[in-house]
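Peer 1: I need the structure of the sequence given here:
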Amino acid sequence: MTLGFLSSEESVELLSQIVGRSRVEPELSAAFQIAELCGHLPLALRIVGERISARPHISLPEVVGELVNEQNRLDALASLEDELSDTRTAFSWSYRALTPELRQSFRRIGLHAGPDIGPGAAAALIGTTVVTAKRRLHTLTGVHLLQEVQPNRFHMHDLLKSYVLELAQEEDTREERTQTVRRGLTWYLLSTDARRRAALPHSAMVPLVPDDDIEVAEKVGSSADATRWFAEERANIVAALNQSIEYGQFDITWKLATVASGLLELQSYWTDWEEGMRLGLRAARTIGDTYGEAVCNLILADAVWRAGRPDEAATHYQVTASMADVISAGWMRGFALRGLGLLREERADFISAQEYFQQALRVFRAAGPRRGEGMSLLSLGKCARALHDLPRSIELLEQAALIFEVIDDQWTLAYGKLPLATSLLEAGRTEEAISHLRQAAESFAAFRDRRSEALALESLAEALHQADRTAEALNCRRRAAELYEALANPRHTEIERRLEDLT
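Peer 2: Modelled structure (predicted):
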């Protein structure tokens, strides 16, 4: 939201509220001059006002003198008018009053690319401990160079961001700026991977980068804590991916894209997921990292398939399968083969799909991982149901569920319960199906996977309807409709229409 400038009278009124009327009213002429020197902008007025408040013995005419001197100094350096012309004097006057440590911290925090920042990322950028970073963040907030938007989450105004980038260009070498940015990117890579391991322990792993004594939380709590953290940091992670390309930190680009991919998919951020993997693929190719290129091809195939582009997905799966043979990465070949099978299954070519799934199963049983074996059995079980072999379908799906339970892969276990419940319903085992679907919906809710939770609730509503538990079925449908609406998924209108018919 763009706001207009304050009037002279409004500017002095704001200054009076900050500094106190007893100091402003006797020196009104100087107060109007301060307002003029601050460009009548609330941000600049508040920064100057807070500093005046912290210096009870300075008079307003003395402040005017200091600001004029600062403006003259800056005018000698300025080459043209720009967006900071009305505020640079106030910013510079406040900045030069900071201690050297705080000046450096301010410049380094300003290199953060995301919309807000917490103490952990700030500590990495500054090159200090989290405790020290937290103290400096609060000090900078106290002089209005930062804003605390919620507990321990800090935001820098766009004008201040422009100003601090100027400072970094003037006062720090390119090498120092790059080192600062890399520390911040490293913190995001290591922190995101820690949450990936907590929430999706069997998702794609990558070789990380050295931590360089960066303080990263070792205990991340439950999977729910991990997904909550990721939801809070997602915009910063996306910004970090783009910044890593800008600063040429290509090894971090593809690794961060990979470790964030499962969590982006889980929370239905399809565009961020696909764009991140495209950046990762580009980065891996740039530095000639064949392993990174193969991983990014595989995950990008999943992303573009989800986006409804099966032909493009097939190309990426085929490239992955070929590269996996070259680098002896059996697990990649297994998932690429399963992906090609999923594309055949989507076209109702179940015979061809089965062949791909069986190939994938053989690869996983020879090379691992067990999750791949379970996913292949899951797909074979769905094909068996489509080909009207219900006993075989239930047998394969139960084998898959057992593997997910043994390896403690809770999200995939919940995912596997959906087709198992469908086959059990067709077999007349309604109560077993209801139990599986209820567990799946609860698990997806804990993972903050709203799309999968809605799918599970839809299936649960059907099962409850078959069991003549109409009230429960209606409640499940209502909740599914709410989730779809929150995701801007048009499916919610169809469910609501059906609810009207049923009621």
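Peer 1: which residues are contacting the helix or strand harbouring residue 64?
Peer 2: Per DSSP states H and E: residue 64 is located in helix 60-77. Identification of contacts with helix 60-77 by Cβ atoms under 8 Å, 6 or more residues apart in numbering yields 23-24, 27, 30-31, 33-34, 37, 48, 52, 88-90, 92-93, 96. Bear in mind the C-beta positions are built from the backbone N, C-alpha and C, glycine included.
Peer 1: which one among those gets closest to residue 359?
Peer 2: Sorting the contacts of helix 60-77 by how near they are to residue 359, with Cβ to Cβ, puts residue 88 at the top with 64.6 Å.
Peer 1: Tell me how many other residues crowd that closest one.
Peer 2: Using other Cβ atoms under 10 Å, residue 88 is surrounded by 24 other residues.
Peer 1: Same check on residue 71?
Peer 2: So residue 71, with other Cβ under 10 Å, has 17 neighbours.
Peer 1: what about it, distance to residue 38?
Peer 2: Noted for residue 71: a distance of 11 Å to residue 38, by Cβ to Cβ, to the nearest Å.
Peer 1: Next, show the common contact partners of those two.
Peer 2: residue 89.
Peer 1: From the contacts of helix 60-77, list the buried ones, please.
Peer 2: Buried by 16 or more other Cβ atoms under 10 Å: 23-24, 27, 30-31, 33-34, 37, 48, 52, 88-90, 92-93, out of the contacts of helix 60-77.
Peer 1: Would you agree residue 296 is in contact with residue 277?
Peer 2: Yes. Between residue 296 and residue 277 there is a contact at 5.6 Å, judged by Cβ atoms under 8 Å.
Peer 1: Select from the buried ones among the contacts of helix 60-77 every entry located in strands.
Peer 2: Residues of these located in strands (DSSP state E): none.
Peer 1: Residue 112 touches residue 123, doesn't it?
Peer 2: No. Using Cβ under 8 Å, residue 112 is not in contact with residue 123; the gap is 11.7 Å.
Peer 1: wait, residue 358 sits on residue 379?
Peer 2: No. Counting by Cβ under 8 Å, residue 358 sits too far from residue 379 to count as a contact (9.7 Å).
Peer 1: Those two: who's more crowded?
Peer 2: Legend: neighbour count by other Cβ under 10 Å for residue 358 and residue 379, higher for residue 379 (25 against 16).
Peer 1: Tell me, what's the model's pLDDT at the residue lying closest to that one once chain neighbours are set aside?
Peer 2: With Cβ to Cβ, 6 or more residues apart in numbering as the criterion, residue 379 has its nearest non-adjacent residue at 4.5 Å, and that residue is residue 357. pLDDT, the model's per-residue confidence, is 98 for residue 357.
Peer 1: show me what contacts residue 357?
Peer 2: Neighbours of residue 357 in contact, by Cβ under 8 Å, 6+ apart: 337, 338, 341, 376, 379, 380, 383.
Peer 1: could I get those residues as a markdown table with pLDDT?
Peer 2: Formatted as a markdown table, the contacts of residue 357 follow (pLDDT from 0 to 100):
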| residue | pLDDT |
| --- | --- |
| 337 | 98 |
| 338 | 97 |
| 341 | 98 |
| 376 | 98 |
| 379 | 98 |
| 380 | 98 |
| 383 | 97 |
